[in-house]
Structure formats: C-alpha cells, structure tokens
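Chemist: I would like the atomic coordinates for the input below:
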Amino acid sequence: MPKNPVANPSVILAAACLAATPMQVALAQPAITIEVDNPVLMPGESTLVTMYAGFARSEYAMAAVQTDLLSTSGSEGWSDARLVVPMDGPATTPGTPSATGYDGILAGQLNFGLSTSYADPTNPIPFWQAVYTAPLDVTRPIDVALSTETSRYEVYPFRDSPVAESRLADLTEGAATIRVIPAPASGLVLALGLAALRRRRDPDRTETRDA
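Modeler: Next up, the predicted model:
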C-alpha cells in the first residue's frame, strides 16, 4: 500500500498546490487526466498514479486509448503497472518500461450494442495505474514531471453502436507533477553526525572544554 507523507504544514501546502482530480477537468472535450494520490513524497515513500480518459458529455463511452506516459525519472521508481477494468479488453497492454517512462500503453473496451454487453459509460474512466516510489538519496526537492503522448483516442458516440470514432484531433494531453522533498530531520541528523565526528578527532580539546 502507498505510504502517506508526513503531515506537516509545508507538505500539506505543497500537496494542495499540486493535487488534481479528474472531476476538475472539463468534460466538454476529450482529455487525459493524470491523478496522483499523494503528490508530495518523502524519500522512500510511494503513491498511486492513475490515468483517466474523458470525453464529451454528448458521447456514450470511451472505446480505446493508446498513449505513452512520459516521466522525467524514466521508469526508475515505477512498479505494478496495470490496466483498470473494464479498460483491459482484448489485445490491450499496460505498456513497457523505458528510458522515458512507459511506452505503448493500450487500453480499451468493447461495445456490442446489446443490453448485456454495453461498454461502461463512466466519464472520465480510469484506464491505467502504477505505483511511484521516491528515491532514498534525496538532499534537495525534486519534481518528477508526468505527461502523455497519445497516438489513438476513440469513443463510442452512441450506446447501440459498436463502431468507434477517433477524437485524437481534439485531445487535451495529461500532465501532473510529483514533488519529492528531503525528510525534515535529515539536516539535523547530518549536523549531529558531523559534531560527533569532530569530538572523536579532537578528544584533548573536548576534555579541556569539559574541565
């Protein structure tokens, strides 16, 4: 399970600035939304990242989306990539880790136009998830920028139509940021360690001072 960041004012303020939910994205046009559960992490902490596909209110359901998730950390720190039901239909794939993130994500669902086989009309609909874990060796705040590069985006315009139509030309790509900040006590621990090292190297001076 993803760990929650330490609840201090700076973390809460940063989270408020970075957090975004798919429902905040206008549904008047096709759009991918990247939702980060905990957008501010301490070293070693994890968060769940979910991608959503949105479409116009006048259309019935999402059919297929093929995209690459671009991450400034590459695939470093990422794990447990998977498609979200029901966007894990035939011939789909959660993609392949790469130097730029995840390549070739393909999600989709079928719509046979039958009362028992309608596609899920949830809008926006989640289609991909993965876990990001912050590195341990963080000495200054870093931002992991996320974005999408999409090559296929199709919807079912009507409930009873199994034929999908492309909305790629009107698509708004997804974007989000994960901020990793050093643990608040790291500076104090380092200072105490240096002080102890100095005392061990100069015992005579320490004894004189104590006397």
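Chemist: so who does A99 touch?
Modeler: G74, S75 (C-beta atoms under 8 Å, 6 or more residues apart in numbering). For glycine as for every other residue, the C-beta is placed from the backbone atoms N, C-alpha and C.
Chemist: in this protein, which spans are helices?
Modeler: Assigned helices in the chain, in chain order: 9-18, 186-201, 203-210 (criterion: DSSP state H).
Chemist: taking the centroid of this protein, which residue is nearest it?
Modeler: Geometric centre of the chain, nearest residue: V49, 3.1 Å, by C-alpha atoms, centre = their mean.
Chemist: how about the contacts made by that residue?
Modeler: The contact partners of V49, by C-beta under 8 Å, 6+ apart, come to I34, E35, V36, D37, Q129, A130, V131, Y132, L146, A176, I178.
Chemist: now T122
Modeler: For T122, counting by C-beta under 8 Å, 6+ apart, the contacting residues are A61.
Chemist: how far away is it from D88?
Modeler: Applying C-beta to C-beta, to the nearest Å, the value for T122 to D88 is 14 Å.
Chemist: coming back round to it: adding distance to L110 and neighbour count, write the contacts of V49 out as a markdown table.
Modeler: Compiled in a markdown table, the contacts of V49 are given as follows (distance: C-beta to C-beta, whole Å; neighbours: other C-beta atoms under 10 Å):
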| residue | distance to L110 | neighbour count |
| --- | --- | --- |
| I34 | 25 | 21 |
| E35 | 25 | 22 |
| V36 | 30 | 23 |
| D37 | 29 | 15 |
| Q129 | 21 | 17 |
| A130 | 24 | 24 |
| V131 | 28 | 17 |
| Y132 | 31 | 25 |
| L146 | 29 | 21 |
| A176 | 29 | 20 |
| I178 | 33 | 24 |
